[in-house]
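> Provide a 3D model corresponding to the input given below.
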Amino acid sequence: MADSIWPLVHAERAALADDLSGIDEAAWRTPSLCDGWSVQQALAHQVSTATLTPLTFVASFAASGFRFPAFAQKGIARFGSGSPEATLAAFRAVQTSTSAPPGPTTSWLGEALVHAEDIRRPLGITRAYPVEAVTRTLDFYSGSNALIGTKKRITGVTLKATDTTWSHGDGPAVEGPAMSLLMAATGRKAALADLTGPGVEVLRGR
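A predicted model of the protein is given here:
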């Protein structure tokens, strides 16, 4: 199961790197869907994550006072303080990395998918994400509150994908493409515009 995740992660990294190879200098400064992070900084965060091991994660997290925002900013500063070209080159260099902090392997597929869309959407770049990878990530996040609080956020609504047979939960319906459901479930309110149903307003208030 764990081994099968990495080819998906590597393919998503490659696709994102290709999409970003032709953007101009100003585009790199575009705010991503990650609060306070530009497109370049969101990419630098992915580079940082792909260079970590469980040991280096623990050491860096401890040095940051066990405060995730401070920890994340250190990684962004390391890989995002230079030119956009340098950040993109660093991202390509870790494209096939299987290094990661401790935690469920599916979370790194989620990182690749969600952060890629955090970058693409503000730039107006679209991608047909592999639906099975998206629903696999939705299954994982739907049962977890770690860091991003998805389980709590979607409690009391029914998420229903319109591009596949996936659904989850009970209560007022939230319907739309699986990727948009994933983005909304992980707190990206911009994705709510893609969704319909009485449960959308429930998510909007959380």
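> where's Gly169 relative to Arg153, distance?
11 Å (Cβ to Cβ, to the nearest Å). No exception for glycine: its C-beta is placed from N, CA and C like everyone else's.
> Just the strands from this structure, written as ranges.
Using DSSP state E, the strands of the chain run over 158-161, 167-169, 173-176.
> Quick one: distance of the last one to the chain centre.
Taking the mean of its C-alpha atoms, strand 173-176 sits 20 Å from the chain's own mean (Cα atoms, centre = their mean, to the nearest Å).
> and what of the second one?
Average the C-alpha atoms of strand 167-169, do the same for its chain, and the two points are 20 Å apart (Cα atoms, centre = their mean).
> Given it, what are its sheet partners and their directions?
strand 158-161 (antiparallel) (DSSP bridges).
> ok, and what's touching the partner strand?
131, 135, 138, 142, 166-178, 181, 185, 197, 199 (Cβ atoms under 8 Å, 6 or more residues apart in numbering).
> pull the CA atoms of that strand into PDB?
Output in PDB follows, covering the C-alpha atoms of strand 158-161 (Å, rounded to 0.1, in the frame of the first residue of the first chain):
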ATOM      1  CA  THR A 158     -22.600  14.500   2.900                       C
ATOM      2  CA  LEU A 159     -19.800  15.000   0.400                       C
ATOM      3  CA  LYS A 160     -20.700  13.500  -3.000                       C
ATOM      4  CA  ALA A 161     -18.500  13.500  -6.000                       C
END
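> What average pLDDT does that strand get?
Averaged across strand 158-161, the pLDDT comes to 98.
> Next one: Thr164, what pLDDT does it get?
98.
> so how many other residues sit close to Thr30?
15 (other Cβ atoms under 10 Å).
> any idea how far it is from Asp24?
10 Å.
> Same check on Glu85?
12 Å.
> Run through this structure and note the low-pLDDT ranges.
1-3 (pLDDT under 70).
> Just give me the residue closest to the centre of it.
Val114 (2.3 Å; Cα atoms, centre = their mean).
> okay but it is in contact with Ser180, surely?
No - when contacts are counted by Cβ atoms under 8 Å, Val114 is not listed as touching Ser180 (11.6 Å).
> Need the CA coordinates for stretch 103-111. PDB is fine.
Provided in PDB are the C-alpha atoms of stretch 103-111 (Å, rounded to 0.1, in the frame of the first residue of the first chain):
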ATOM      1  CA  GLY A 103       3.100  10.000   9.500                       C
ATOM      2  CA  PRO A 104       0.700   8.100   7.300                       C
ATOM      3  CA  THR A 105       2.000   7.800   3.700                       C
ATOM      4  CA  THR A 106      -1.200   8.900   2.200                       C
ATOM      5  CA  SER A 107      -0.800  12.300   3.700                       C
ATOM      6  CA  TRP A 108       2.100  12.900   1.300                       C
ATOM      7  CA  LEU A 109      -0.100  12.200  -1.600                       C
ATOM      8  CA  GLY A 110      -2.500  14.700  -0.100                       C
ATOM      9  CA  GLU A 111       0.300  17.200   0.200                       C
END
